[in-house]
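Colleague: curious how this folds, go ahead:
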Amino acid sequence: MSDITNNRVVVGVQFIKIQNQIHISIADAPLTKQGSVVKGQSNWVSPEVINNANSAQVFRLGRSARTICLDDLKAPLGYAITGIR
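Modeller: Just a heads-up that it's a prediction; the model follows:
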């Protein structure tokens, strides 16, 4: 989740491997008063490490579930994406 209290929005997403798990990491950046992203001010947010393999937040790939669908995310005009899960 981006830091919405400090007016930051998601500007990038990457997959990283931590402890044999694939995590989603986001990059966030601040907005100007006009709603534009401030260039050169983005930073990657460290994902929360999940220690419980039986957590509902963990998805296991297996024989019947071997794919992950990725879609383009587009916010409506006047809105910004502030987090993913």
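
Colleague: ok, Ser2 - contacts?
Modeller: Arg8, Val9, Val10, Ile26, Asp28, Val45, Thr82, Gly83 (Cβ atoms under 8 Å, 6 or more residues apart in numbering). C-beta: built from backbone N, CA, C; applies to glycine.

Colleague: gap between the third one and Thr67?
Modeller: If I follow you right, that is Val10. 24 Å (Cβ to Cβ, to the nearest Å).

Colleague: next one: the second one
Modeller: Counting by Cβ to Cβ, the gap from Val9 to Thr67 is 29 Å.

Colleague: of those two, which one has the most company?
Modeller: A direct count of neighbours by other Cβ atoms under 10 Å for Val9 and Thr67 places Val9 higher, at 21 against 6.

Colleague: three-state assignment of the residue nearest to Ile4 when sequence neighbours are not counted?
Modeller: For Ile4, ignoring the flanking residues on the chain, the nearest one in space by Cβ to Cβ, 6 or more residues apart in numbering is Thr82 at 5.1 Å. Under DSSP: H, G, I helix; E, B strand; the rest coil, Thr82 falls in the coil class.

Colleague: ok, Thr82 touching Asn7?
Modeller: No. Using Cβ atoms under 8 Å as the test, Thr82 is too far from Asn7 to be in contact (10.1 Å).

Colleague: what's the residue nearest the centre of the chain sitting at in phi/psi?
Modeller: Centroid check for the chain by Cα atoms, centre = their mean gives Ile26 as the closest residue, at 3.8 Å. Ile26 adopts backbone torsions of phi -110, psi 150, taken as degrees, to the nearest 10.

Colleague: how far away is it from Val38?
Modeller: 16 Å.

Colleague: what do you get for Ser25?
Modeller: 20 Å.

Colleague: repeat that for Asn20.
Modeller: Taken as Cβ to Cβ, the span from Asn20 to Val38 is 36 Å.

Colleague: below-threshold pLDDT in this protein: ranges please.
Modeller: By pLDDT under 70, the weakly predicted segments of the chain are 52-54, 57, 85.
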